[in-house]
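**Student:** Just the structure for this:
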Amino acid sequence: MMRTACGKGVAPTIVQKNRRYYANRLRAVLPGMDFCGACILDLGCGEMLLRSMLPADIANYHGIDCWPASQSEAFTCGDLREIEWDNRPSDYIFLLGVIDHLSRPEARLVLERCRRAFSKKLVVSQATPLGSLLGLKGSSGRFPALKQLFTGFECDVRLLMKLPLCQRVWDLTHAPLPLRKLATERVWIISR
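**Tutor:** Numbering: from 1, shown residues only. Below you'll find the model as predicted:
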């Protein structure tokens with residue numbers, strides 16, 4: 001049993017299953033992004049899986065998570081609501097699998113901090129109502145409207161579907177409308 005910084009126990013089989021899902025989600029989101037010379041901040045990074053999927057020459061990556069998953073210098077263990085991470089701008093900020101676990105005011109605060117801290121892209125995941133209903137995400141589902149928070153930014157939304165017992169991810173972004181309603185997660189790619 002692994003322990004998070006909050007003291008919650010996580011079974012290794014759950015970690016392995018989630019790793020497959022997160023890798024599949026990243027494969028659906030990363031294509032087309034240019035990371036050449038980029039400074040990347042990965043909030044809620046877990047085991048820093050994103051780092052392993054980036055080009056090998058990325059030197060400026062930093063991950064933050066409340067779960068002490070790494071001893072790397074590129075990792076900070078802590079609660080992203082409480083520690084300073086937005087004092088130096090990042091080209092890309094990833095906030096995947098985090099926002100749905102925060103209260104609405106906390107989520108809004110974190111997103112406002114992200115808004116000030118990224119220079120190229122902010123990548124945020126949000127459970128859809130179906131995803132919340134299936135229990136694929138944490139608590140609230142009462143999420144600040146990203147379109148309102150990021151008025152004037154270019155927003156691309158990817159619609160992903162994950163089934164509770166299957167770790168595959170299907171990109172439904174360009175599927176016919178009836179199929180898009182089966183999406184369990186929206187991934188917002190917000191560009192300056």
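
**Student:** List the contacts of Arg19.
**Tutor:** Residues in contact with Arg19 (CB atoms under 8 Å, 6 or more residues apart in numbering) are 47, 49. In short, each C-beta sits where N, CA and C put it, glycine included.

**Student:** After the host helix or strand of it, which helix or strand is next? Please name it.
**Tutor:** Secondary-structure assignment from DSSP states H and E places Arg19 in helix 12-29. Using DSSP H and E, the helix or strand that follows helix 12-29 towards the C-terminus is strand 39-43.

**Student:** buried ones in that following strand?
**Tutor:** Going by neighbour count (16 or more other CB atoms under 10 Å), the buried part of strand 39-43 is 39-43.

**Student:** low-confidence ranges in the protein?
**Tutor:** The chain contains residues with pLDDT under 70 at 1-17, 132-144, 164.

**Student:** need the strands for it, in chain order.
**Tutor:** Assigned by DSSP state E, the strands in the chain fall at 2-3, 9-10, 39-43, 60-65, 75-77, 90-95, 118-127, 154-161, 170-171, 185-191.

**Student:** then stretch 107-119 to PDB, C-alphas only?
**Tutor:** The C-alpha trace of stretch 107-119 is given here as PDB (Å, rounded to 0.1, in the frame of the first residue of the first chain):
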ATOM      1  CA  ALA A 107     -10.400  25.500  -8.400                       C
ATOM      2  CA  ARG A 108     -11.000  29.100  -9.400                       C
ATOM      3  CA  LEU A 109      -8.000  30.300  -7.400                       C
ATOM      4  CA  VAL A 110      -5.700  27.700  -9.000                       C
ATOM      5  CA  LEU A 111      -7.000  28.500 -12.500                       C
ATOM      6  CA  GLU A 112      -6.400  32.200 -11.900                       C
ATOM      7  CA  ARG A 113      -2.900  31.500 -10.800                       C
ATOM      8  CA  CYS A 114      -2.400  29.400 -13.900                       C
ATOM      9  CA  ARG A 115      -3.800  32.200 -16.100                       C
ATOM     10  CA  ARG A 116      -1.000  34.500 -14.900                       C
ATOM     11  CA  ALA A 117       1.700  31.900 -15.100                       C
ATOM     12  CA  PHE A 118       1.600  30.400 -18.600                       C
ATOM     13  CA  SER A 119       2.900  31.900 -21.700                       C
END
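
**Student:** Now do that stretch: distance to the chain's middle.
**Tutor:** Remark: stretch 107-119 is offset 13 Å from the chain centroid, using CA atoms, centre = their mean, to the nearest Å.

**Student:** Show me the contact partners of it.
**Tutor:** By CB under 8 Å, 6+ apart, stretch 107-119 touches 41, 43, 80-81, 85-86, 88-93, 95, 98-99, 102, 122, 124, 140, 143-144, 146, 149-150, 190, 192.

**Student:** Tell me who's in contact with Ile83.
**Tutor:** By CB under 8 Å, 6+ apart, Ile83 lies in contact with 64, 76.

**Student:** Dihedrals phi and psi, it?
**Tutor:** phi -100, psi 160 (degrees, to the nearest 10).
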